[in-house]
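Visitor: Quick one, what's the 3D model for this:
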Amino acid sequence: MDGTTMSHETTTSTSAFPLEPTPIHVPDAVLDDLRQRLELTRWPVDAGNDDSYYGLKRATLEELVEYWRTQYDWRKAEAAINAYDHYRVEVDGVPIHFLRKPGVGPNPTPLILTHGWPWTFWHWSKVIDQLANPAAYGGDPAEAFDVIVPSFPGFGFSTPLPDNPDMNFWKVADLWHTLMTETLGHDRYAAAGCDVGALVTGQLGHKYADELYGIHIGSGLKLDFFTGDRAWDFSGGRPIPAGLPPEIHARVLQLDKRFAVHLAAHMLDSSTLAYGLSDSPAGLLAWILQRWTSWSDNGGDIESVFSKDDLLTHTMIFWVNNAIGSSIRTYANNNRYPWTPSHDRWPVIEAPTGITFVAHENPPGVSTDQRVQNFLESDRADWYNHVNLTAHDRGGHFIPWEIPTEWITDLRRTFRSRR
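Guide: I've put the predicted structure just below:
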């Protein structure tokens, strides 16, 4: 299905949604194959790793793999996912899956939500209903959104990508704009995103500002974040300054360990890593579970943020679609095909922008009450037409999943009076 063709249908039709939904269904054969692979898992020796110094502990992974094999119920998760309408289209030859929750209100604003890595579209599931139907939760129906949640190309059900091996964040922004305008027929829309989804959203706010009401994002990175010969180096090649207070030195090391490893591996060796993760469900789970564990604000208990079923549902969305390889290649492509500006105006991102900051990602030596000022004094602030900056004293990388109420409040404030 071609997005451009559908645009003509949309502009001449009624306000009815122009596509027919297609429920998610994973074939039994895929689930049978998964069960066999879990039963045949070969475990490494993990001696001396009780403190997780060397990475995810074997005992932690073994417990979850056993639960996956014997108790987890994909069909139950699939039914919950199918409580929403799902659509599959092609936009400029790229397969796109998206979930839609129609807005309930006098004039719902179209809103596209973009996830990051290792996210799935389902990480938005805790905010979709309230954004679409605020009155049902005590809110103002005038603030309703018509919510569109795609799977990032190469992730989840927006797969496979045999003809698009170069997909990256700024190319996704072009696809999203075509999806929202030509395919779905919206003259203007709102956008929000986190992680690399924030870069997609920022690129929308850069290139298509006139057709956006605004954007709301979960970080304030510059759009050239992945540009450069050593973009994989989280430290930027800078040594840790001598004489730092011990707690700040420790925080630097903590953030290095949290983010540097996957940036380097994904940018420098994505295909090599993908062979193992695509073949072994336990290996796939280990790689992304370690990120979910260290990136979320869980106080040492991952299940305070994600239940076992939650963890495995997100993992399944990677596994059943064989999506891990194309998802991690996005990092390499963000670097290999670097972002280039569409104009030379400032701020670079001209769309009105709201940003939510969370304490789990506070920079070294910066407390939550200093976070907004720290951003304003950084070289990132001038990039954005920021209109709504908020820092929260809890919450981790997966903001709409971890602190959905705060995210919804922040987002509504960004778009209030801008529709």
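
Visitor: Doesn't residue 363 lie inside a strand?
Guide: No. Counting by DSSP: H, G, I helix; E, B strand; the rest coil, residue 363 falls outside a strand, being coil.

Visitor: all helices for the chain, in order.
Guide: 3-12, 28-39, 58-70, 74-81, 128-132, 169-178, 196-207, 246-279, 281-295, 308-319, 324-336, 368-376, 399-402, 404-415 (DSSP state H).

Visitor: In TSV, list the ones you listed along with distance to residue 188.
Guide: C-beta coordinates here come from the backbone N, C-alpha and C atoms, glycine included. Putting those into TSV (distance: least, C-beta to C-beta, whole Å) gives the following:
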stretch	distance to residue 188
helix 3-12	14
helix 28-39	40
helix 58-70	43
helix 74-81	29
helix 128-132	17
helix 169-178	11
helix 196-207	12
helix 246-279	34
helix 281-295	33
helix 308-319	30
helix 324-336	27
helix 368-376	27
helix 399-402	23
helix 404-415	11
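
Visitor: Tell me which of those approaches residue 161 most closely.
Guide: Of all those, helix 324-336 sits nearest to residue 161, with 5.0 Å by C-beta to C-beta.

Visitor: I'd like to check the angle between the closest one and helix 196-207, please.
Guide: Orientation check (axes from the mean of the first three to the mean of the last three C-alpha atoms, to 10 degrees): helix 324-336 against helix 196-207 gives 40 degrees.

Visitor: returning to that earlier point: got the helices of the chain as a markdown table, with mean neighbour count columns?
Guide: Converted to a markdown table, the helices of the chain look like this (neighbours: other C-beta atoms under 10 Å):
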| stretch | mean neighbour count |
| --- | --- |
| helix 3-12 | 14 |
| helix 28-39 | 13 |
| helix 58-70 | 16 |
| helix 74-81 | 15 |
| helix 128-132 | 22 |
| helix 169-178 | 23 |
| helix 196-207 | 27 |
| helix 246-279 | 15 |
| helix 281-295 | 21 |
| helix 308-319 | 22 |
| helix 324-336 | 23 |
| helix 368-376 | 15 |
| helix 399-402 | 26 |
| helix 404-415 | 20 |
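
Visitor: Averaging pLDDT over each of those helices, report the lowest-scoring one.
Guide: When these are compared by mean pLDDT, helix 3-12 comes last with a mean of 32.

Visitor: Okay, the residue of the chain most remote from its centre and residue 17: tell me how far apart.
Guide: Of all residues in the chain, residue 243 has its C-alpha farthest from the mean position, at 36.5 Å, by C-alpha atoms, centre = their mean. Residue 243 sits at a distance of 60 Å from residue 17 (criterion: C-beta to C-beta, to the nearest Å).

Visitor: repeat for residue 393
Guide: Taking C-beta to C-beta, one finds residue 393 at 40 Å from residue 17.

Visitor: just residue 383 next, same as before
Guide: 35 Å.

Visitor: what about the two, which has more around it?
Guide: Shown here are residue 383 and residue 17; by other C-beta atoms under 10 Å, residue 383 has more neighbours (21 against 16).

Visitor: Quick check, the more buried one in contact with residue 345.
Guide: No. With contact defined as C-beta atoms under 8 Å, residue 383 does not reach residue 345; the gap is 11.4 Å.

Visitor: contacting residues for the residue nearest to residue 38 when sequence neighbours are not counted?
Guide: Distances taken as C-beta to C-beta, 6 or more residues apart in numbering put residue 69 closest to residue 38, at 4.2 Å, once the chain neighbours are dropped. Going by C-beta atoms under 8 Å, 6 or more residues apart in numbering, residue 69 touches 35, 38, 39.

Visitor: hey, where'd the strands end up in the stretch 101-250 of the chain?
Guide: All strands of the stretch 101-250 of the chain, identified by DSSP state E, counting those that start in this stretch, fall at 109-114, 145-150, 189-193, 212-217.

Visitor: could I get the contacts of residue 69 as JSON lines with distance to residue 368?
Guide: Supplementary listing: these in JSON lines, determined by distance: C-beta to C-beta, whole Å:
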{"residue": "35", "distance to residue 368": "44"}
{"residue": "38", "distance to residue 368": "41"}
{"residue": "39", "distance to residue 368": "46"}
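
Visitor: Closest one to residue 154 out of the residues you listed, please.
Guide: Proximity of the contacts of residue 69 to residue 154 was ranked by C-beta to C-beta; the top entry is residue 38 with 24.4 Å.

Visitor: ok, the closest one touching residue 280?
Guide: No. If you go by C-beta under 8 Å, residue 38 and residue 280 don't touch, sitting 9.4 Å apart.

Visitor: which residues are common contacts for the two?
Guide: Contact criterion C-beta under 8 Å, 6+ apart; residues shared by residue 38 and residue 280: none found.

Visitor: okay, stretch 317-337 in PDB with CA atoms only?
Guide: Extracted C-alpha coordinates of stretch 317-337, given in PDB (Å, rounded to 0.1, in the frame of the first residue of the first chain):
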ATOM      1  CA  ILE A 317       7.900  -8.000  20.200                       C
ATOM      2  CA  PHE A 318      11.600  -8.100  19.300                       C
ATOM      3  CA  TRP A 319      11.800 -11.900  19.000                       C
ATOM      4  CA  VAL A 320       8.700 -12.900  17.000                       C
ATOM      5  CA  ASN A 321       9.600 -10.300  14.400                       C
ATOM      6  CA  ASN A 322      13.300 -11.100  14.200                       C
ATOM      7  CA  ALA A 323      13.800  -7.400  14.800                       C
ATOM      8  CA  ILE A 324      16.900  -7.100  17.000                       C
ATOM      9  CA  GLY A 325      19.400  -6.900  14.100                       C
ATOM     10  CA  SER A 326      17.600  -4.100  12.200                       C
ATOM     11  CA  SER A 327      16.800  -2.300  15.500                       C
ATOM     12  CA  ILE A 328      20.500  -2.100  16.600                       C
ATOM     13  CA  ARG A 329      21.700  -1.200  13.200                       C
ATOM     14  CA  THR A 330      19.900   2.100  13.500                       C
ATOM     15  CA  TYR A 331      22.800   3.300  15.700                       C
ATOM     16  CA  ALA A 332      25.300   2.500  13.000                       C
ATOM     17  CA  ASN A 333      23.200   4.300  10.400                       C
ATOM     18  CA  ASN A 334      22.700   7.300  12.600                       C
ATOM     19  CA  ASN A 335      26.500   7.700  12.400                       C
ATOM     20  CA  ARG A 336      27.200   6.400   8.900                       C
ATOM     21  CA  TYR A 337      24.500   8.700   7.300                       C
END
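
Visitor: Against residue 255, how distant is the residue farthest from the centre of the chain?
Guide: For residue 243, the distance to residue 255 (C-beta to C-beta) stands at 19 Å.
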